[in-house]
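**Student:** sequence first, then the predicted structure:
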Amino acid sequence: MNKKIAISTWCTDDYVDLIGLDKLHNSIKYFHPEIDHIVYDTKMTRDIEREHPWMKNIWMMSPTCLPHADDYDMVIHLDGDAVVTGPLDEMINSTADVIGVRNNNSFGKAGAHNGITIPHVQPYGDDSMIPMQGFINAGMIAAQRKEFWIDWQESNYDAAHNKRYAFGDENDTLNHIFHWNKYDSEVIDPMGSGVSYGLSNVWGTGNNHWESWSSIYVKDDRLYLDDPVSKEPMCVKVMHQAGGSIAAELNRSSGGFRNWMKTVVSDEVKDYLKNQKMDTGGKIEIPQELLENAKDAEKEDQPSESD
């Protein structure tokens, strides 16, 4: 049976051109015209913040996915500073409740910096450390159970109000829920899988997290990058910049993420991206009816905020 799938991305208006959100939209539609791409803009995210004042930018992933869980078999959150570079078969075909991608590369690092992991705190875990290669990135996460988005949002609320733990943002709370035995969870790009969905293809030195991108190559009409440890080829399905303030400054000084990206990758990769129609500047259509339904669903499913 074919799944009905939506990808949700939230992006404030001032970042739409800076990160080239239209190129992300085009890349999704190139490989998966059947997938709906839902975009939350500044007005829509501010509407959420007005209704739930604690939901600042670091808590926006769940509330922009939860409202669509009744209408789709699978809802995927994907950050705007990404580009789809191959079919998302591993994610789409997964039967797991929750599907994630690695945050740390095969060196055990997050880009060029030390790898990230945290204790799996109670009540979700036993306070032991989450394995470095099991720590996932919130920039791309999929779920096939509505309850996951609700649990993640409740965990975000607790974290924002220091109810259970006094650290963390969406990436940390996501890992608490992902590794909770309540859900059947799958990391789809583990070491040795032959695929890479984002930050597992990012490594470098100093503050240059993306040196690895210069080594991406084209083979059999797909992008590949050799794993830095096993030296085995990984098919690159998603390139995700991430990088926080360092990436933001690079994008501003280069005239946008996509312009900066062209200075990093090889000519054959630039041609590949161009041939995939990722530079067409296609319009993004936001399904207004879905978004109206989203507000109603969100009111119904939010945790209590009496305090």
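**Tutor:** The structure has been received and is ready for your questions.

**Student:** would you map the helices across the stretch 151-300 of the chain?
**Tutor:** With DSSP state H, counting those that start in this stretch, the ranges of helices along the stretch 151-300 of the chain come out as 170-178, 244-254, 257-262, 267-275, 288-301.

**Student:** give me the longest strand you can find in the protein.
**Tutor:** Counting residues, the longest strand found in the chain (DSSP state E) is strand 136-143.

**Student:** pLDDT on it, on average?
**Tutor:** Across strand 136-143, pLDDT averages out at 96.

**Student:** redo the helices of the stretch 151-300 of the chain as JSON lines? Include mean neighbour count.
**Tutor:** Backbone N, C-alpha and C define where each C-beta goes, glycine included. JSON lines is the format used below for the helices of the stretch 151-300 of the chain (neighbours: other CB atoms under 10 Å):
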{"stretch": "helix 170-178", "mean neighbour count": "25"}
{"stretch": "helix 244-254", "mean neighbour count": "15"}
{"stretch": "helix 257-262", "mean neighbour count": "20"}
{"stretch": "helix 267-275", "mean neighbour count": "15"}
{"stretch": "helix 288-301", "mean neighbour count": "14"}
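
**Student:** just send the ones you listed back as CSV, with distance to N208 and mean pLDDT too.
**Tutor:** As requested, these are exported to CSV (distance: least, CB to CB, whole Å; pLDDT from 0 to 100):
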stretch, distance to N208, mean pLDDT
helix 170-178, 22, 93
helix 244-254, 9, 87
helix 257-262, 12, 90
helix 267-275, 17, 90
helix 288-301, 38, 44
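
**Student:** using JSON lines, lay out the ones you listed together with distance to Y217.
**Tutor:** Converted to JSON lines, those look like this (distance: least, CB to CB, whole Å):
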{"stretch": "helix 170-178", "distance to Y217": "30"}
{"stretch": "helix 244-254", "distance to Y217": "23"}
{"stretch": "helix 257-262", "distance to Y217": "16"}
{"stretch": "helix 267-275", "distance to Y217": "7"}
{"stretch": "helix 288-301", "distance to Y217": "39"}
